[in-house]
Structure formats: C-alpha cells, structure tokens
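1. Quick one, structure for this:
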Amino acid sequence: MGLKGIVWDWSGVLGGDAYYWLFDDFRNACVALRALAKSGRIKGLKGALAPLVTDVQKKIVHLRGYFPGALSLPGLWQGFAWGSGGTVVADGQFRVTDPATVEGISNLVDLGRQFALSQADALSLGFGLAFELYHPGPLPSGWQWARLPRFPVQPVIPTVSVAQALAYVAPTPAPAPDAPDVRAAAEYLLWWYTPDATTLLIAEGSPPALADPSVQTRYWQGKAGGADAVGDWHNFRDCFSGFPSTVPDQVMFNALNQAIARKVSVQTALATAQQDINNQRYLAAMKAPNWYGSLPPTGQ
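-> Next comes the predicted model:
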C-alpha cells in the first residue's frame, strides 16, 4: 500500500521530505492542495484526494464509467485502525469499536468527507493524491510514490500476499498425491523461493517473497519514483493476518461509505459492522474481493 501523488515542492508543508511524512503532514498537504485547486493556479486540479467510495449509481446513470474508491483496496481501513493502536481482532472475534480503532477510522472517514473528489472530477484525474496498491513499473509523467503517512502509534504498511499456484483442471479425477506431475508442480513452486528465482524476480521488478532482510533491502534500495519509501518493509503487516473468518472488506466498505455520506456516525457504522461480521451474516452473499482481479501477477 502506498500513495501516488503529483510531484510538488512540498518543502513548506512537509519539512522537505515528501516520503516519510506523519499523518498530520498528510492532512496539511490535503488542505494545501484543496486551497490550490480553489485558486485555479493549476489547470485541471479539482481537489486533494481521489474518491474513497465507489459511486455505482453514477456508473449506471451516466454510463461514463466510474472511479473505484480506495476503500475497496485491501488493507486501507486496517492500516488506519492499527496505526492508531486499534486491535481489529481480539480473542477470535472482530473488534472494531475500541476507542483507538474508532479514532483511526474516524481519521479515514474525515479524509473522505473533507477532501475526496466527486466521481466526475476523479474521472478527469483532477486529484493530487490517491491511495493505491503498490505495483512495479513506471509511473505516469509527473507522479511518484510515497509511503502511507506514519500513523500516531504504529508506522504500519498493510500488505497483501500475492501467490503463484498451479491448478489441475481436467475431466478425469485428480492425480494421486505422489504422482510425478504433482511432484513436479511442487518442486516448481518451491523453486520460486530459491536464491536463483529471487534474483530473477528482482531483475524483473517484482518484490521478492522472502522475508530475508538482505533480500528485501536489495530489492527496495535504489527504486525509482519514490518506491524505496513505499518499501519501508520493516513495517509491512499482512492486512488479513489473524482474521478469524472470511475477510469482511465488503461489510466495512458499506459501513464506511455510509459514515462518509453522513448517514450514520462512525461509531454506529462500526458497531453495526462488528455485529454483522461476528454473526457472519455477510458470508452467504460474499463475492470475491473486487480488487483481486486487478492485482499484478506478483508483488505486494
């Protein structure tokens, strides 16, 4: 998880370092970008932040497409909760109503209320900052990566594991566990964790899967476009680690969408979400996460 942002001179807002900023620095940058947009000095700049929610109604009515809200990304709400000292999971149950979690999520909701653009302005790319999953490769001209702002309690960077796998698809029964082709597949997958495969991945540009500090440092050091800051890998945290059941992203997305729209308070939205998640009312209707198909083949 990282941030993409237009390359500005942030020295007056961030103390000269646009990569390792605090959350208050990030919010000050949003204030400055909003004021700059209102001044009309930057052509095409409509506001500070890309949308956090997805306006499906405008997709249907205007048939112009839509801009996917950042709350659909895995790890965003967890990062804000953990970064403020929240628990998210305790004693095998989801816990998103403790004061620290409410504080962190309230900061995220406030960003959506105060600074997120409309769908129309987002479709014209009129924003200066956007929450994004990090992916290898060049950025559009004028953009660069910066890591998530450092939260008050933990400098957490939520990550999602993207694995390689082989699936057996055939009209006949699956082979025996010790069949030669099964063994070959297992050996191939294990090979991806060897030094030779890691070297290939690094050369290709994909983040390596190994947690070895020397391997991670070799990959992230010297990355262009600010990606070295995104790769503050010491603070990576699996955004689904410890979850007791199916990932409740859709439930949280709906709850925070309502909170951003001021239909309910943050506390009410989180209390309802917590009850629904722990009662598993959402499982029967749960679909695959809408971010899964857009992930790169490998990476974090």
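2. Could you list the low-confidence segments of the stretch 101-250 of the chain?
-> Low-confidence segments of the stretch 101-250 of the chain (pLDDT under 70): 163-168, 170-171.
3. Spell out, range by range, the strands that occur in it.
-> For the stretch 101-250 of the chain, strands defined by DSSP state E, counting those that start in this stretch occupy the ranges 127-132, 143-147, 157-159, 236-238.
4. Mean neighbour count, these: which tops it?
-> Most buried of the strands of the stretch 101-250 of the chain by mean neighbour count (mean count of other Cβ atoms under 10 Å) is strand 157-159; its value is a mean of 25. (Glycine included, C-beta is placed from N, CA and C.)
5. need the contact list for the nearest residue to residue 52 once chain neighbours are set aside.
-> Leaving out its chain neighbours, the residue that sits closest to residue 52 by Cβ to Cβ, 6 or more residues apart in numbering is residue 112, at 4.0 Å. Neighbouring residues of residue 112 by Cβ atoms under 8 Å, 6 or more residues apart in numbering: 49, 51, 52, 53, 71, 256, 260.
6. Counting only strands, which of the residues you listed make the cut?
-> residue 49 (DSSP state E).
7. In helices only, show me the contacts of residue 112.
-> 256, 260 (DSSP state H).
8. By pLDDT, give me the weakest of the contacts of residue 112.
-> Taking the contacts of residue 112 together, the minimum pLDDT is found at residue 53 (86).
9. What sits closest to that one if chain neighbours are left out?
-> residue 69 (4.1 Å).
10. show me what contacts the one you found?
-> When contacts are counted by Cβ under 8 Å, 6+ apart, residue 69 is found next to 51, 52, 53, 54, 55, 253, 257.
11. Around residue 86, how many other residues sit close by?
-> 26 (other Cβ atoms under 10 Å).
12. what separates it from residue 153, distance-wise?
-> Distance from residue 86 to residue 153, counting by Cβ to Cβ, to the nearest Å: 9 Å.
13. next one: residue 205
-> 33 Å.
14. ranges for the helices of this protein?
-> Using DSSP H, the helices of the chain run over residues 11-14, 23-39, 56-62, 76-83, 99-114, 119-123, 180-191, 195-204, 213-220, 227-230, 249-260, 266-279.
15. Pick the most buried one from these.
-> Among those, helix 76-83 has the highest mean neighbour count (mean count of other Cβ under 10 Å), at a mean of 26.
16. could I get the strands of the stretch 101-250 of the chain as JSON lines with distance to residue 227?
-> As requested, these are arranged in JSON lines below (distance: least, Cβ to Cβ, whole Å):
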{"stretch": "strand 127-132", "distance to residue 227": "12"}
{"stretch": "strand 143-147", "distance to residue 227": "5"}
{"stretch": "strand 157-159", "distance to residue 227": "12"}
{"stretch": "strand 236-238", "distance to residue 227": "14"}
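17. And those: which comes nearest residue 45?
-> Of all those, it is strand 127-132 that lies closest to residue 45, at 6.3 Å by Cβ to Cβ.
18. that older thread, got the helices of the chain as TSV, with distance to residue 242 columns?
-> Output for the helices of the chain, formatted as TSV (distance: least, Cβ to Cβ, whole Å):
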stretch	distance to residue 242
helix 11-14	33
helix 23-39	24
helix 56-62	31
helix 76-83	10
helix 99-114	14
helix 119-123	33
helix 180-191	25
helix 195-204	27
helix 213-220	22
helix 227-230	23
helix 249-260	15
helix 266-279	14
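19. Of these, give the one that comes closest to residue 237.
-> When the helices of the chain are compared by Cβ to Cβ, helix 76-83 sits nearest residue 237, at 6.6 Å.
20. got the contact list for the closest one?
-> So helix 76-83 is in contact with 1, 23, 70-71, 87-88, 96, 100-101, 104-105, 107-108, 131, 148, 150-158, 237, 239, 252, 256, going by Cβ under 8 Å, 6+ apart.
21. likewise stretch 246-265?
-> 52-53, 69, 71-72, 74, 77, 94, 96, 105, 108-109, 112-113, 116, 240, 266, 269-270, 272-273, 276-277, 280, 282-283, 286-287, 289.
22. likewise stretch 222-235?
-> Contact partners of stretch 222-235, identified using Cβ under 8 Å, 6+ apart, comprise 1-2, 18-20, 134, 136, 138-139, 143-147, 154-157, 207, 216, 219-221.
23. let's see 7 Å
-> Contacts made with stretch 222-235 from outside it, assessed by Cβ atoms under 7 Å, 6 or more residues apart in numbering, are listed as 2, 19-20, 134, 139, 144-147, 155-157, 216, 220-221.
24. Pull out the buried residues from that stretch.
-> 223, 225, 226, 227, 228, 229, 230, 231, 232, 233, 235 (16 or more other Cβ atoms under 10 Å).
25. Fine, thanks again, bye for now.
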